[in-house]
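K.L.:
3D model of this:
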Amino acid sequence: MAKKSEPTGWRYVGNGTYIPGVPARDLTPVEMQEYTEVISVQSSLLGVALYEATYVEQPEAPVVAREQR
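P.N.:
Sure, this is the predicted structure:
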């Protein structure tokens, strides 16, 4: 089973709702850092999630059985 890493971006799910000055589209990691605070505050005030985190699945290391002697 793969585990989730840190978010790699944000997917826009605002369906037309937007925050002035913030792109109403999927955001890159650099844009995430730039807009995190304003998105958090404004989403709380609006009561609507405008973005959701996206992740890259990180495969777990394979389990290797040890030979018993």
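
K.L.:
any regions of the protein where pLDDT drops low?
P.N.:
Within the chain, the stretches with pLDDT under 70 are 1-5, 58-61, 63, 65, 69.

K.L.:
quick one, strands of it?
P.N.:
When assigned using DSSP state E, the strands of the chain occupy the ranges 3-4, 9-12, 51-54, 57-58.

K.L.:
in CSV: those strands, plus distance to Q33.
P.N.:
In short, each C-beta sits where N, CA and C put it, glycine included. Shown next, in CSV, are the strands of the chain (distance: least, C-beta to C-beta, whole Å):
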stretch, distance to Q33
strand 3-4, 19
strand 9-12, 11
strand 51-54, 13
strand 57-58, 21
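
K.L.:
can you redo these as CSV with mean neighbour count and distance to L45?
P.N.:
As requested, the strands of the chain are exported to CSV (neighbours: other C-beta atoms under 10 Å; distance: least, C-beta to C-beta, whole Å):
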stretch, mean neighbour count, distance to L45
strand 3-4, 10, 28
strand 9-12, 16, 18
strand 51-54, 16, 15
strand 57-58, 10, 33
